[in-house]
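Chemist: make a model of this:
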Amino acid sequence: MQQSRFARVAASGSHLGTRGRVAPRSNYRLIASATDRDILNAAPDPIEIRRVLGKDEDEEDEDEEVEELLYLSPIFTGRSPTSSTVTVTLIGADGAPIDMGSVVAGPDGNWTLIMRDVEGPAPVSAIVMTRIRN
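Modeler: Numbering: from 1, shown residues only. Modelled structure (predicted):
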C-alpha cells in the first residue's frame, strides 16, 4: 500500500500538509537563487564591478538597465520518512507546471533536490509530494 502526502511550499518556507494540517516529520525549506545562462564562463559584469568597488564622485549617474531573470536554480531540502520518494513540481504565475524533479530520502530521512536551469519567469509556488512505501 502506498500513502501520499502533499505540501504546498510558500515563499517563506512554511507549508501545509493535507487538509491544512502540518504533515508529521515533513519539514520543507525552499531556497531559490538566480544564475546566469553560463555562469562558469561568464565574464565579469562591468556594472557590478563598479557597484562593488564604488564609483568616482566625478562620474555622472547613468540609468542602469535591469537584466531580466533568465534562469532560476531552486534548491529544495527537507526531511521525510526513510527511503520515501519526494517529487517537487514548480508552478508558474499562470498556474501551469514549469518543471518537476524527484529524489529518494536517505537513511536519516534527509533529502536535497536541485533543479538546474529552470527557464522563464520565477515560479511562485511549489508542490512537494512524498510517497511512502509500506
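
Chemist: tell me which strands and helices the strand or helix carrying residue 88 is in contact with?
Modeler: Counting by DSSP states H and E, the element that carries residue 88 is strand 85-91. Applying 3 or more Cβ pairs under 8 Å, 6 or more residues apart in numbering; DSSP states H and E, one finds that strand 85-91 contacts strand 97-104, strand 110-114, strand 125-133. From N, CA and C alone the C-beta is placed, and that goes for glycine too.

Chemist: again, 6 Å this time
Modeler: Contacts defined by 3 or more Cβ pairs under 6 Å, 6 or more residues apart in numbering; DSSP states H and E place strand 85-91 against strand 97-104, strand 125-133.

Chemist: looking at the ones you listed, which is buried most?
Modeler: strand 125-133 (a mean of 18; mean count of other Cβ atoms under 10 Å).

Chemist: picking up where we left off before, among the helices and strands packed on strand 85-91, which comes closest to residue 81?
Modeler: strand 125-133 (5.2 Å; Cβ to Cβ).

Chemist: now for the protein, the helix or strand with the poorest mean pLDDT.
Modeler: Least confident helix or strand, the chain: strand 34-35 with a mean of 35, by mean pLDDT, DSSP states H and E.

Chemist: what sits up against the strand holding residue 88?
Modeler: 76, 80, 97-104, 111, 113, 123, 125-131 (Cβ atoms under 6 Å, 6 or more residues apart in numbering).

Chemist: for it, C-alpha coordinates in CSV please.
Modeler: This file holds the C-alpha atoms of strand 85-91, laid out as CSV (Å, rounded to 0.1, in the frame of the first residue of the first chain):
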residue,chain,number,x,y,z
THR,A,85,10.2,9.2,-2.9
VAL,A,86,9.9,13.0,-2.9
THR,A,87,8.6,14.7,-6.0
VAL,A,88,8.7,18.5,-6.4
THR,A,89,6.7,20.4,-9.1
LEU,A,90,7.4,24.1,-9.7
ILE,A,91,4.2,26.1,-10.5
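
Chemist: show me what counts as buried in that strand.
Modeler: Of all the residues in strand 85-91, those buried under the rule 16 or more other Cβ atoms under 10 Å are 85-91.

Chemist: which residues of this structure score low on pLDDT?
Modeler: Counting by pLDDT under 70, the chain shows low-confidence ranges at 1-73, 116-125, 127, 132-134.
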